[in-house]
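Chemist: Sequence and predicted structure are below.
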Number of protein chains: 2
Amino acid sequence: MNKQNTKIVLDTSIFVNPDSRQFFGKSPREALVGFIKIIKTKNNLSCYIPPSVYQELIKFTKELPADKDILIKKKSPASYQDSIPALLFYEFIDETRARINKGLRITEKYTRQGLKKEDNREAAQELIQSARQEYRIALREGILDSKEDFDLILVAKELEAYLATSDKGLIKWAQKLGIICLSAEELKSLIFNPRS
Amino acid sequence: MNKQNTKIVLDTSIFVNPDSRQFFGKSPREALVGFIKIIKTKNNLSCYIPPSVYQELIKFTKELPADKDILIKKKSPASYQDSIPALLFYEFIDETRARINKGLRITEKYTRQGLKKEDNREAAQELIQSARQEYRIALREGILDSKEDFDLILVAKELEAYLATSDKGLIKWAQKLGIICLSAEELKSLIFNPRS
């Protein structure tokens, strides 16, 4: 990547997560509009977003400046042509298997806790709530769990671009393919100081 | 594949599953020994097994004829070189996600059932038992859930070989890569009538 053309693939998390979007605006919409305003003045930046991720993003931001589609190009991965290393798939199978085992332990644990507790509405709500939370953390956090995430990885790989995201699962799997990930803070600093 | 050289990659299920092994012998050991005896007389057959799967197999069969290693070659996939289509990974992510969601529903269901049942030893055992079973079916059946399974697929792909297995998950994912799968019955019929 030279100074003339820094490519960045954008994830929704940059504009949606409160910790991330603060670098560009207060609300998701403000953050995205703010970002578009900045990149309008930067000729050495090319921004991309997979169409699937764009669909997610506009749920949060609604109406947008008309020039957004030129400034942030909708690029899908060539998924019918792309391939990935078999080793990545091995790791994914392995991680999925470990998580599924954890999920079973959680199911057993909460079934047992259910048996021990009295059956009233509050107890039930509380127990189900905490079962859900524990299950979600064990099975979803830090995992690549959507097609949209994989779109981002493939597009970043294909374009040899940076991937701007604050999603931990995405970062972990993107890094396995040698993709450089940027936090919102790093993205902002790169835009204003594009030396790489 | 010509008559001179029919390549077959062998899964443990062929010799271990009762429904499969009946075509070659009564016990896993008898089935494997029986199979080795047959292929000894067939010059047009090359049989392979990934080392990881071989380790599984010998847990069931123990001592084996000394010539087994020549007749069934231990072949690992070139996993550091191999790649797989991105689309396969998409499908796997999607299926995993759907199954993980199902698992959460099962966790909730059994937590609720726990609350409703009285806490005695028999009830607990019964409930945990059926939670386990339901979870396993929802999250594991028909999924590619081990490195050994993926070894089989990669070796079969690499060698352009048949894959002999009765594992439904394995068959489903191997077929996505164009691998021809053989049941134990089909394997037996191919050995005695190798016209393809």
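Modeler: Cool, the structure landed.

Chemist: how does chain A divide into domains?
Modeler: Using automatic domain parsing, the domains assigned to chain A come out as A:3-82+A:147-192, A:86-140.

Chemist: ok, and the closest non-adjacent residue to whichever residue of chain A sits closest to chain B?
Modeler: Chain A approaches chain B most closely through residue A:114 (2.2 Å), counting by Cβ to the nearest Cβ. For glycine as for every other residue, the C-beta is placed from the backbone atoms N, C-alpha and C. Taking Cβ to Cβ, 6 or more residues apart in numbering or on different chains, and ignoring the residues beside it in sequence, residue A:114 has residue B:114 as its nearest neighbour in space, at 2.2 Å.

Chemist: is it true that residue A:47 lies in a strand?
Modeler: Yes - membership of residue A:47 in a strand is supported by DSSP: H, G, I helix; E, B strand; the rest coil.

Chemist: rewinding a little: show me what secondary structure element comes after whatever helix or strand the residue of chain A closest to chain B lives in.
Modeler: Per DSSP states H and E: residue A:114 is located in helix A:86-116. Downstream of helix A:86-116, the next assigned helix or strand under DSSP H and E is helix A:121-140.

Chemist: Not counting its neighbours along the chain, what's nearest residue A:46?
Modeler: residue A:7 (4.9 Å).

Chemist: Run a quick neighbour tally on residue A:67.
Modeler: 11 (other Cβ atoms under 10 Å in any protein chain shown).

Chemist: ugh, wrong one, I meant residue A:182
Modeler: Neighbour number of residue A:182 under other Cβ under 10 Å is 22.

Chemist: Please name the bridge partners of the closest residue to it other than its chain neighbours.
Modeler: In space, and not counting its chain neighbours, residue A:182 is closest to residue A:164: 4.6 Å by Cβ to Cβ, 6+ apart. Taking DSSP bridges, one finds residue A:10, residue A:182 as the beta-bridge partners of residue A:164.

Chemist: Thought residue A:187 was touching residue A:164, still the case?
Modeler: Yes - between residue A:164 and residue A:187 there is a contact at 4.5 Å, judged by Cβ atoms under 8 Å.

Chemist: Neighbour count: those two, which is higher?
Modeler: residue A:164 (28 against 24).

Chemist: So what's the predicted local confidence for that one?
Modeler: At residue A:164, the model reports a pLDDT of 98.

Chemist: Quick one: name whatever helix or strand follows the helix or strand of chain A with the lowest mean pLDDT.
Modeler: Ranking every helix and strand in chain A by mean pLDDT, DSSP states H and E puts helix A:68-71 at the bottom, with a mean of 75. Counting by DSSP H and E, the element after helix A:68-71 in chain order, helix or strand, is strand A:72-74.

Chemist: For that following strand, buried residues please.
Modeler: Residues residue A:72 are the ones in strand A:72-74 that count as buried (16 or more other Cβ atoms under 10 Å in any protein chain shown).

Chemist: re the thing from before, okay, the residue nearest to residue A:182 and residue B:165: tell me how far apart.
Modeler: 43 Å (Cβ to Cβ, to the nearest Å).

Chemist: residue closest to the middle of chain A?
Modeler: Nearest to the mean C-alpha position of chain A, by Cα atoms, centre = their mean, lies residue A:167 at 4.3 Å.

Chemist: show me the contacts for it.
Modeler: Contacts were defined as Cβ atoms under 8 Å, 6 or more residues apart in numbering or on different chains; by that measure residue A:167 touches A:11, A:13, A:149.

Chemist: in what helix or strand does the last one lie?
Modeler: Just to be clear, that refers to residue A:149. helix A:147-159.

Chemist: Between helix A:86-116 and that helix, find me the angle.
Modeler: Helix A:147-159 and helix A:86-116 are oriented at 160 degrees to each other (axes from the mean of the first three to the mean of the last three Cα atoms, to 10 degrees).
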